[in-house]
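Quick one: sequence plus predicted model below, questions after.
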Amino acid sequence: MNDRGEGHTFKRFDGQLSNLHLMVTKMGQSVHQQVQDALTAFRTQDIALAQKVLARHSDIDRMELAADAEIVEVIARNSPLASDLRLVVAVSKSVGDLQKIGEEATRMALLLEEIRLESSTPLIESLMDGVDRMGVLVLSHLDTAVGLFDQWDEQKALYVIAGHQRMDGDFQAELHRVMTCLLEESLDVKAAVRLVLLAKSLDRIIHHALNLAEYAMFEIYGGFDLSSEA
Amino acid sequence: MAQRTLGPPLFSGAEVAQKILRGGPEQDPFASDQLAPSVGEWRSPKPRVRCEDLRVRFAGREVLKGVTLDIGRNEVISVIGPSGAGKSTFLRCLNRMVEASEHCEVQGRVFLDGEDIYAPGVDAVSFRGRIGMVFPKPNPYPKSIYENVAYGLRIHGLVSCKSEESSLVELVFRQAGLWREFSRRLFAPALSLTAGEQQRLCIARALAVNPEVILMDEPCSSLDLGSGAKIEQMIDELRQAYTIVLVSHSLKSAARVSQRTAFIRQGRLVEVGPTDRMFTTPSHPLTDRFISGCSE
């Protein structure tokens, strides 16, 4: 948040904004944990961990609802303007993307169970290794994006935005590899489709992380032209 | 993901703001008494009103410290700022009402359509017919609704006969969007109207003499929400034909009706810009703090 000296004259407003900030930070950490656990479960083939991810999905939804209720109350009671308005809008939009990242973690956990049960060929293992490598990159990327909530930092946000462009290429390559194997090798179609779905989940997480970075830029500057970074 | 544009990059103003915020209190441009430049576009290519280095002293105390600002045609500009910032003084400079105060000294120049209103030889009384004014509390004449509008027409010599007068009164009420409301009770006492109706009558009265600019000093401050909304609607419609300068303590009201907003603090114009930008991404940290309701 900006340096505001002694803060708002109406002190309770400061408290509400701090609470909102805390809520989105906690939600970011929880979502990051969900993705991390889903990827760990994938790497170690840990079905129990995947089931924990599924069980915690409703917690993320509850956090989103609680944040939405707080946002509505802050707007109704305080009519935030200027940097306060930007903060509330950025948090509101971030909460939506965090919830969707949580959904992707759940989706990955569901896919993992099916892939594990139905596949055991060396080719599938090799492809799963490739997706796992992407997962490590995604997690690092998401870590930086979620860290934006600790402090709305322009440099971190730009790092996430630049990283998205680089990773987009990596994802396309990985997807191409799976699709090639699907066409050229006698690969189990169901397993291949699920691997593609897994890779797409990771792809979507990257896009949501990009959105979080854009909201951070919005909070700082009130707007950000992504095309200028292309 | 397709490339998207969230909005125009506003780095220049924001960079200034961030620099000042990060730079510590010693970089506050108003920490010293030196004249700091205003932030934003205070010039207009075709101004209706142009103020140049406007300074006002009351008994030696400077309450306006060099305000330079253009006000365009057919625009509503809101002037916001804390109490005692000089907003109303600024407004009263635009029709030379400030000169009515004792021990008042005005420096700088104010142009109305290119004519310096403070130039020697300009008659303040006749000039005021070109600039209407609405005050915080409705102050209708203790006469009929009809007379409140007709009186101004008569004393400015705008009508020559009774039928012309009644036609013009109707025209004024229609222009103000009040004809349907008032036509059946034109000869009822104005003081029998509600406060909101009285204030709208005062706006119609200001329109009667066909001004070029209308100055409004907190016109909704004594009204309930519904009456205030009707005034705001009226301002929005009048914008098509007039230049309106609105001093308001209600930021919501300023945000709703004005196209540009000027922030005055301690007699200085801190920032001026498009209202939507001022209320979402002000460039100056002092504007941000004021609009957000932060402590001084």
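Looks like it came in fine.

Residue nearest the middle of chain A, spatially speaking?
Nearest to the mean C-alpha position of chain A, by Cα atoms, centre = their mean, lies A:I101 at 4.1 Å.

Wait, that residue touches A:V31, no?
Yes - contact criterion Cβ atoms under 8 Å: A:I101 and A:V31 qualify, at 4.9 Å. All C-beta atoms are positioned from the backbone trio N, CA, C, and that covers glycine.

Residues in contact with both of those two, list them for me.
Each of A:L142 lies in contact with both A:I101 and A:V31 under the rule Cβ atoms under 8 Å, 6 or more residues apart in numbering or on different chains.

B:D288 and chain A, how far apart?
To chain A, B:D288 is 5 Å away according to Cβ to the nearest Cβ, to the nearest Å.

Please identify the buried residues of the helix or strand containing that residue?
Using DSSP states H and E, B:D288 falls within helix B:285-292. Residues of helix B:285-292 classed as buried: B:P285, B:L286, B:T287, B:D288, B:R289, B:F290, B:I291, B:S292 (neighbour count, 16 or more other Cβ atoms under 10 Å in any protein chain shown).

Check stretch A:194-211 too.
Under the neighbour-count criterion of 16+ other Cβ under 10 Å, stretch A:194-211 has A:194-196, A:198-199, A:201-211 buried.

which one among the residues you listed gets closest to chain B?
Proximity of those to chain B (Cβ to the nearest Cβ) peaks at A:H207, which lies at 5.0 Å.

Tell me the spacing between that closest one and B:S258.
From A:H207 across to B:S258, the span is 38 Å (Cβ to Cβ, to the nearest Å).

Make sure B:L269 is actually in contact with B:W42.
Yes - counting by Cβ under 8 Å, B:L269 touches B:W42, with 6.7 Å between them.

Of the two, give the one with the bigger neighbour count.
Shown here are B:L269 and B:W42; by other Cβ atoms under 10 Å in any protein chain shown, B:L269 has more neighbours (28 against 20).

And that one, which helix or strand is it part of?
Counting by DSSP H and E, B:L269 is found in strand B:268-274.

counting contacts, what elements does the helix or strand following that strand pack onto?
Note on strand B:268-274: by DSSP H and E, the next helix or strand toward the C-terminus is helix B:275-280. If you count contacts as 3 or more Cβ pairs under 8 Å, 6 or more residues apart in numbering or on different chains; DSSP states H and E, helix B:275-280 packs onto helix A:82-118, helix B:251-257, strand B:260-265, helix B:285-292.

got a list of what the residue positioned nearest the centre of chain B touches?
Closest to where the C-alpha atoms of chain B average out (Cα atoms, centre = their mean) is B:V245, at 2.0 Å. Residues near B:V245 by Cβ under 8 Å, 6+ apart: B:V49, B:I71, B:V76, B:I77, B:V79, B:L91, B:L94, B:V213, B:I214, B:L215, B:M216.

ok, 10 Å please
Contacts for B:V245 were tallied using Cβ atoms under 10 Å, 6 or more residues apart in numbering or on different chains; they are B:48-49, B:69, B:71, B:75-79, B:87, B:90-91, B:94-95, B:131, B:133, B:213-217, B:258, B:262.

Looking at those, which are in strands?
Counted as lying in strands by DSSP state E, out of the contacts of B:V245, are B:48-49, B:69, B:71, B:76-79, B:131, B:133, B:213-217, B:262.

For the strand holding B:L269, list every residue counted as buried.
Buried-residue list, strand B:268-274, by 16+ other Cβ under 10 Å: B:R268, B:L269, B:V270, B:E271, B:V272, B:G273.

Tabulate those residues in a markdown table, adding columns for distance to B:S253 and pLDDT.
Shown next, in a markdown table, are the buried residues of strand B:268-274 (distance: Cβ to Cβ, whole Å; pLDDT from 0 to 100):
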| residue | distance to B:S253 | pLDDT |
| --- | --- | --- |
| B:R268 | 23 | 95 |
| B:L269 | 20 | 95 |
| B:V270 | 20 | 95 |
| B:E271 | 19 | 95 |
| B:V272 | 18 | 95 |
| B:G273 | 18 | 94 |
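
Between the residues you listed, which sits nearest B:E296?
Nearest to B:E296 among the buried residues of strand B:268-274 is B:V270, at 12.7 Å by Cβ to Cβ.

Count the residues that sit near the closest residue to B:E218 other than its chain neighbours.
Counting by Cβ to Cβ, 6 or more residues apart in numbering or on different chains, B:P136 is the residue found nearest to B:E218 once chain neighbours are left out, at 4.3 Å. Applying other Cβ under 10 Å, we find 17 residues neighbouring B:P136.

Quick one: low-confidence residue ranges for chain A.
A:1-5, A:113-120, A:182, A:185-187, A:224-230 (pLDDT under 70).

For it, just list every one of the helices.
All helices of chain A, identified by DSSP state H, fall at A:11-44, A:47-78, A:82-118, A:122-147, A:154-184, A:189-221.

related to what we said a few turns ago, wondering if the strand holding B:L269 reaches chain A at all.
No - if you take Cβ under 10 Å from any Cβ of the partner chain as the test, strand B:268-274 misses chain A, and the best it gets is 11.1 Å.

That strand packs against which elements?
helix B:11-23, strand B:39-40, strand B:61-72, strand B:76-80, strand B:260-265, helix B:275-280, helix B:285-292 (3 or more Cβ pairs under 10 Å, 6 or more residues apart in numbering or on different chains; DSSP states H and E).

one step back: which ones, among the buried residues of stretch A:194-211, also lie beside chain B?
Of the buried residues of stretch A:194-211, the ones that also sit near chain B (Cβ under 10 Å from any Cβ) are A:D203, A:R204, A:I206, A:H207, A:H208, A:L210, A:N211.

Looks like A:V88 contacts A:R77 (just checking).
No - applying Cβ atoms under 10 Å as the test, A:V88 and A:R77 come out as separate, 11.5 Å apart.

one step back: CSV for the helices and strands packed on strand B:268-274, including mean pLDDT?
Formatted as CSV, the helices and strands packed on strand B:268-274 follow (pLDDT from 0 to 100):
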stretch, mean pLDDT
helix B:11-23, 42
strand B:39-40, 85
strand B:61-72, 94
strand B:76-80, 97
strand B:260-265, 96
helix B:275-280, 93
helix B:285-292, 93
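
burial count for A:L65?
12.

That one and A:V95, how far apart?
Plainly put, A:L65 is 9 Å away from A:V95 if you go by Cβ to Cβ.

and if you look at B:S160?
68 Å.

okay, those two: which has more neighbours?
A:V95 (24 against 8).

contacting residues around the more buried one?
So A:V95 contacts A:20, A:23-24, A:27-28, A:63-68, A:70-71, A:215 (Cβ under 10 Å, 6+ apart).

Ranking by neighbours, what's the top pick from these?
Neighbour-wise, those (other Cβ under 10 Å) top out at A:Y215, 28 neighbours.

before we move on, the earlier item: make JSON lines from the buried residues of helix B:285-292 and add distance to B:E115 to it.
As requested, the buried residues of helix B:285-292 are exported to JSON lines (distance: Cβ to Cβ, whole Å):
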{"residue": "B:P285", "distance to B:E115": "37"}
{"residue": "B:L286", "distance to B:E115": "33"}
{"residue": "B:T287", "distance to B:E115": "32"}
{"residue": "B:D288", "distance to B:E115": "37"}
{"residue": "B:R289", "distance to B:E115": "38"}
{"residue": "B:F290", "distance to B:E115": "34"}
{"residue": "B:I291", "distance to B:E115": "34"}
{"residue": "B:S292", "distance to B:E115": "40"}
